[in-house]
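Asks: I would like the atomic coordinates for the input below:
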Amino acid sequence: MVSCVESKAKEYNMLINETKMKVMTNSDYTLEISVDGGRLEQVNSFTYLGSRVTSKADCVSDVKSRLAMGMAVMINLTRLWKNKSVTTITKLRLRALVWPVATHGYEDWTLRKQKERRTQAFKIKCIRKL
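Replies: Take a look at the predicted model:
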């Protein structure tokens, strides 16, 4: 398949950069794919559109990294949360700045009880910080 893409790309004077292209498999099998004489690197995980994809279809690292990003946004807004002149209702509305960062790609996650509890704990932690 890669050779077909490579040949079509050459028809339009396009090149495939083998240093940027990586391959991943969902088994322990080692792939031997080469493009333009260079062998493609095989990886166990990569970031695609902001979501972490692993060879084991595991979303643990993605959940952890997303919740950490959400907490970073919460910390960056600490001055706002501690401001007494901003009402609690406004702060609850502004929480909408944090939640999308933490749950981006949420539809793809296979949540088990532990990860679901971790997500709920993050939500409660955000409310407590207000």
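
Asks: Contacts only, for the residue nearest to Leu130 when sequence neighbours are not counted.
Replies: Take Leu130 and drop its neighbours on the chain: the residue closest to it by Cβ to Cβ, 6 or more residues apart in numbering is Lys91, 4.5 Å away. Yep, even glycine has a C-beta here, placed from its N, CA and C like the rest. Shown in contact with Lys91 (Cβ atoms under 8 Å, 6 or more residues apart in numbering): 80-81, 130.

Asks: Report the beta-bridge partner residues of the residue nearest the centre of the chain.
Replies: Geometric centre of the chain, nearest residue: Ser51, 2.2 Å, by Cα atoms, centre = their mean. Ser51 has these beta-bridge partners by DSSP bridges: Tyr48.

Asks: Return the distance of it relative to Val63.
Replies: 10 Å (Cβ to Cβ, to the nearest Å).

Asks: Helix, strand, or coil at the residue of the chain most remote from its centre?
Replies: Distance from the centre of the chain peaks at Ser85, with 35.3 Å (Cα atoms, centre = their mean). Judged by DSSP: H, G, I helix; E, B strand; the rest coil, the three-state class of Ser85 is coil.
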